[in-house]
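Colleague: I'll drop the sequence and a predicted model, then ask my questions.
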Amino acid sequence: MFGTNLLERRSKPERIADEAWQHLVSAVNTAGDSVREAARSARRNGSGLADDATDLVGSAADEARQRAVRAFDALAGRRPALPWALLIGAALAGAAIGWAASSAARVAAARDGRPADDIEFVDVDRPNSPVGLDN
């Protein structure tokens, strides 16, 4: 009696998320059972097939578990974490590419016979500039 009152007082999104989670759990369990049964029959047919099937069962179960957790987090309103390793890797790759490009530009400038740090800036007067840069 006491437990039923607590369940009835939950908010509608919490009830929906709980129902969705229960559906996901049952779907994962059903899929896991059918995959396990397929693995058992494959194991009976041959040892090589059984090894491949058990690897497939493990990876399929892991994937299903990860998807279920992500779905539950989405239903609960939680955002996925940022892939910091990917962002840091991209930043380091960008820095390496920039360094390589600047080194190549210095080498190309040195081949032309002028120093790499000798840069000329050109002042252009634009009459009637709409931005007002000519003041």
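Modeller: Now that the structure is in, tell me what you want to look at.
Colleague: how close does residue 87 get to residue 75?
Modeller: For residue 87, the distance to residue 75 equals 26 Å [CB to CB, to the nearest Å]. C-beta: built from backbone N, CA, C; applies to glycine.
Colleague: Same question for residue 29.
Modeller: 18 Å.
Colleague: for this protein, longest helix please?
Modeller: helix 12-45 (DSSP state H).
Colleague: which helices and strands does it pack with?
Modeller: In terms of contacts (3 or more CB pairs under 8 Å, 6 or more residues apart in numbering; DSSP states H and E), helix 12-45 is packed against helix 47-76.
Colleague: pLDDT of the helix it packs on, averaged?
Modeller: The average of the pLDDT scores along helix 47-76 is 76.
Colleague: rewinding a little: show me which of residue 87 and residue 75 is the more surrounded one.
Modeller: Using other CB atoms under 10 Å as the criterion, residue 87 and residue 75 rank with residue 75 on top: 17 against 10.
Colleague: shaky segments in the protein?
Modeller: Scanning the chain for pLDDT under 70 picks out the ranges 1-9, 39, 42-57, 114-135.
Colleague: can you list the domain ranges for it.
Modeller: Split into domains by automatic domain parsing, the chain comes to 2-76, 83-118.
Colleague: where's residue 58 relative to residue 86, distance?
Modeller: For residue 58 relative to residue 86 (CB to CB), the value is 25 Å.
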